[in-house]
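A.B. asks: Quick one: sequence plus predicted model below, questions after.
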Amino acid sequence: MENRPQAPPLIRSFRPEDAPGVVSVIRSVYGAVGFAMDFDEFDRDLADICAHYQDAGGGFWVLDEGGLVTGCVGATPAGAEGCELHRLYLLDSRRGKGWGRRLLETALEWCRENGRPRVFLWSGIRFERARDLYVKCGFVPTQRTRAIDPVNPHCTERLFELAR
């Protein structure tokens, strides 16, 4: 058997066949903090990623490593000039290598290109590394929080806004 060099990881637009990989990545992250998937409510966007993101005027991207999805991020329009970021997740093995920042920058570039300067996101308070990344990339945490997931009632999120 010959050793072929593995293709470098790349960030690309989501394709329908990526859905199981996206769910697997998110399930892995949820499992690490004791959360369960809730496709009826909180995670219903994952049932049809194309419809919820791309077909709704937004975007969704994956980190693809030789056909394996190892990370993701999404963006949806919010009002005339706003954009909400969603679903920045990475497998544990990909963290600390700059891929989270690259995924975030991909979504932010999409926001800029689409004339959406007001960018915000919600982040679970248990995701400390993600919050650190958001702050390093110019997001400011607000005092606004929410608990929106009945399956994971201990899941509280904080609103972050991109500083202008």
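C.D. replies: In hand now; what should we look at?
A.B. asks: Would you map the helices across this structure?
C.D. replies: Using DSSP state H, the helices of the chain run over residues 19-33, 49, 99-113, 128-136.
A.B. asks: Now those helices in TSV, please, with extra columns for mean neighbour count.
C.D. replies: All C-beta spots, glycine's among them, are computed from the backbone N, C-alpha and C. Listed next are these as TSV, based on neighbours: other C-beta atoms under 10 Å:
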stretch	mean neighbour count
helix 19-33	16
helix 49	22
helix 99-113	18
helix 128-136	15
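A.B. asks: Select, out of those, the one closest to Y89.
C.D. replies: helix 19-33 (4.9 Å; C-beta to C-beta).
A.B. asks: Show me what the closest one packs onto, helices and strands only.
C.D. replies: Packing contacts for helix 19-33, counted by 3 or more C-beta pairs under 8 Å, 6 or more residues apart in numbering; DSSP states H and E, involve strand 68-78, strand 82-90.
A.B. asks: separation between T142 and F160?
C.D. replies: Using C-beta to C-beta, to the nearest Å, T142 is found at 7 Å from F160.
A.B. asks: which one of those two has more residues nearby?
C.D. replies: F160 (23 against 11; other C-beta atoms under 10 Å).
A.B. asks: With adjacent residues omitted, what lies nearest to the more buried one?
C.D. replies: In space, and not counting its chain neighbours, F160 is closest to F139: 4.1 Å by C-beta to C-beta, 6 or more residues apart in numbering.
A.B. asks: I'd guessed the one you found sits against A163; true?
C.D. replies: Yes - taking contacts as C-beta atoms under 8 Å, F139 lies within contact range of A163: 7.1 Å.
A.B. asks: the more surrounded of those two?
C.D. replies: More crowded of F139 and A163, by other C-beta under 10 Å: F139, with 22 against 10.
A.B. asks: For this structure, give me the ranges with low pLDDT.
C.D. replies: For the chain, applying pLDDT under 70 flags the ranges 1-5.
A.B. asks: run the last query once more with 90
C.D. replies: Along the chain, segments meeting pLDDT under 90 span 1-8, 33-36, 38, 40-42, 80, 125-126, 146-156, 163-164.
A.B. asks: any chance of the helices of the chain in TSV, with distance to D64 too?
C.D. replies: Shown next, in TSV, are the helices of the chain (distance: least, C-beta to C-beta, whole Å):
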stretch	distance to D64
helix 19-33	9
helix 49	14
helix 99-113	11
helix 128-136	20
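A.B. asks: who wins for proximity to A147 among those helices?
C.D. replies: helix 19-33 (14.5 Å).
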